[in-house]
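**Q** Following is a predicted model, sequence given first.
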Amino acid sequence: MYYWLAHKREDIMSDQFEPKIIGFTCNWCSYRAADLAGTARIKYAPNVRLIRLMCSGRLDPTFIMKALSQGADGVLITGCHPGECHYIEQNYKALRRYLLLKRVLKGMGIDPGRVKLVWASAAEGVKLAHEINTFVEEVRALGPLGWQNNLAGYAHKEEPVMEVTP
């Protein structure tokens, strides 16, 4: 996952910002919706790299923070519709974590719109493709996150040495 983020893509044809987005998808619903979109030749933005999880409830918020810290400009979380989770109520757990994470990001000065939660069943390939395209445009409008550069600056910042004399 993170190899893709570490390497810069160079768009020779355009100077327009192209966001890097990581998508965490539920194996049972939204990953299959993405597969359906592909087999039906429904186009969606290539800016999203999908990572399959067994359930959206399995998504640890640290995965999202790590993706953002390593160069992603946005994170898309997708899962089964509430009440239709294969693991009973885990998508409700994902929803609670998502809402809390948005508050944490806002507190850190990061626009909470950089993280989005989408419910999509296996039969909703068209909907998922539309949501991906919409999210890419939303993140493009926000501009590059640049969090990786900010963190690097803090890591190498040296505090001035103060001399204390009695």
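**A** All right, it came through fine. Numbers count the residues shown, from 1 in each chain.
**Q** residue ranges with poor pLDDT in this structure?
**A** Counting by pLDDT under 70, the chain contains low-confidence ranges at 1-14, 148-166.
**Q** residue ranges for the strands of it, please.
**A** Along the chain, counting by DSSP state E, strands occupy 21-26, 48-53, 74-79, 115-119.
**Q** For those, give me JSON lines that also has distance to Ala94 and mean neighbour count.
**A** Heads up, the C-betas are built off the backbone N, CA and C, glycines and all. Formatted as JSON lines, the strands of the chain follow (distance: least, Cβ to Cβ, whole Å; neighbours: other Cβ atoms under 10 Å):
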{"stretch": "strand 21-26", "distance to Ala94": "9", "mean neighbour count": "26"}
{"stretch": "strand 48-53", "distance to Ala94": "10", "mean neighbour count": "17"}
{"stretch": "strand 74-79", "distance to Ala94": "6", "mean neighbour count": "27"}
{"stretch": "strand 115-119", "distance to Ala94": "7", "mean neighbour count": "21"}
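**Q** Just send those back as CSV, with distance to Gly38 too.
**A** Converted to CSV, those look like this (distance: least, Cβ to Cβ, whole Å):
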stretch, distance to Gly38
strand 21-26, 13
strand 48-53, 10
strand 74-79, 15
strand 115-119, 17
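**Q** Quick one: closest of those strands to Gly109.
**A** In this view, the strands of the chain are compared for proximity to Gly109 by Cβ to Cβ, and strand 115-119 is the closest at 14.1 Å.
**Q** With just CA atoms, put that closest one into PDB.
**A** Taking Å, rounded to 0.1, in the frame of the first residue of the first chain, the C-alpha atoms of strand 115-119 are listed here in PDB:
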ATOM      1  CA  VAL A 115     -11.900  11.100   5.000                       C
ATOM      2  CA  LYS A 116     -15.200   9.800   3.700                       C
ATOM      3  CA  LEU A 117     -17.400   6.800   4.600                       C
ATOM      4  CA  VAL A 118     -19.500   5.200   1.900                       C
ATOM      5  CA  TRP A 119     -22.000   2.300   2.200                       C
END
